[in-house]
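> Provided below are the primary sequence and the corresponding predicted coordinates.
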Amino acid sequence: MPFLTSQASSVGYGRAQQVSSSASVTFSQTFNQSSAPSVAVQNAWTTFRLALTGVYTRFVWSSTTGQSITVTDATGVQAIANALRTATTGTNFSQTIGANTWRVVNGCVAGTVTANAIEFTNASGCTCSVSYTIRPFINNANWGATNASSCGAVTQTITITFS
C-alpha cells in the first residue's frame, strides 16, 4: 500500500510532525544513560501521541544504537496509534502483531502517576527486559531501550515513525 512520508510542518516540541491524515508522524528524542528523561522529551512524547490522528499501516522504531524494527499491519498498527493517542490514567492496551505483543500502558513512573505517563513496549509493562520500550515519564534512568535492556540503557536517540 502506498503511504506518504512527507513531513512539512512541525507540531510542538521535538519532532512530532504531521501534514495530513495520511502523512507520517515522528517522535525522535535523545535519552541519556543514568538520567531521567527531560521535560522537553516528555513534552515531545505527549505532542507525538496527540498528533496520531491519521490512518497508519506501519511503524518503524529505530535507535542510534543501530537496532530497529518495522511493524506492518493495517488493523493492528492503527489500533496501536489510536491507543497511544487516547491513552490516559488506567490504560492497559495490547495488540499482537506477528511475534510481538505491543502494549500501551499507564503508570510506570517513580513518583506520582499522571495521565501522560504512557509507556509503549513489546514487553510486559514496567519491567526490565530486552525489548522495544519507551517510558518518557518514568522520572528515573529506566526510560526504556531499543531491543536492549529497558533499564539502565545506553544513551541513544529513539525514533518512532507511524506512516
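Yep, it's here.
> quick one, helices of this structure?
Taking DSSP state H as the criterion, the chain carries its helices at 39-50, 74-86.
> what's the longest one in contact with?
What that stands for is helix 74-86. 1, 49-59, 71, 91, 93, 95-97, 102, 104, 118, 120, 162 (CB atoms under 8 Å, 6 or more residues apart in numbering). Any C-beta I mention is one placed from the backbone N, CA and C, and that applies to glycine too.
> before we move on, the earlier item: quick one: the helices of the chain as CSV, columns for mean neighbour count too.
Formatted as CSV, these follow (neighbours: other CB atoms under 10 Å):
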stretch, mean neighbour count
helix 39-50, 20
helix 74-86, 18
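> For Trp143, which of the ones you listed is the nearest?
helix 39-50 (8.2 Å; CB to CB).
> Tell me if I'm right that Ser24 and Thr161 touch.
Yes - at 5.3 Å, Ser24 and Thr161 qualify as touching, with contact defined as CB atoms under 8 Å.
> Show me the contacts of helix 74-86 that map onto strands.
Using DSSP state E, 58-59, 71, 93, 95-97, 102, 104, 118, 120, 162 are the members of those that sit in strands.
> Nearest to Gly111, out of those residues: which one, please.
Ile118 (15.2 Å).
> residues touching that closest one, list them.
45, 49, 84, 87, 91, 104-106, 137.
> Show the pLDDT at Thr114.
On the pLDDT scale, Thr114 is placed at 86.
> With pLDDT and distance to Cys126 added, can I get the contacts of Ile118 in JSON lines?
Output for these, formatted as JSON lines (pLDDT from 0 to 100; distance: CB to CB, whole Å):
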{"residue": "Trp45", "pLDDT": "98", "distance to Cys126": "16"}
{"residue": "Arg49", "pLDDT": "98", "distance to Cys126": "18"}
{"residue": "Leu84", "pLDDT": "98", "distance to Cys126": "17"}
{"residue": "Ala87", "pLDDT": "93", "distance to Cys126": "14"}
{"residue": "Thr91", "pLDDT": "90", "distance to Cys126": "13"}
{"residue": "Val104", "pLDDT": "97", "distance to Cys126": "12"}
{"residue": "Val105", "pLDDT": "95", "distance to Cys126": "7"}
{"residue": "Asn106", "pLDDT": "94", "distance to Cys126": "10"}
{"residue": "Phe137", "pLDDT": "96", "distance to Cys126": "12"}
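> Perfect, that will be all.
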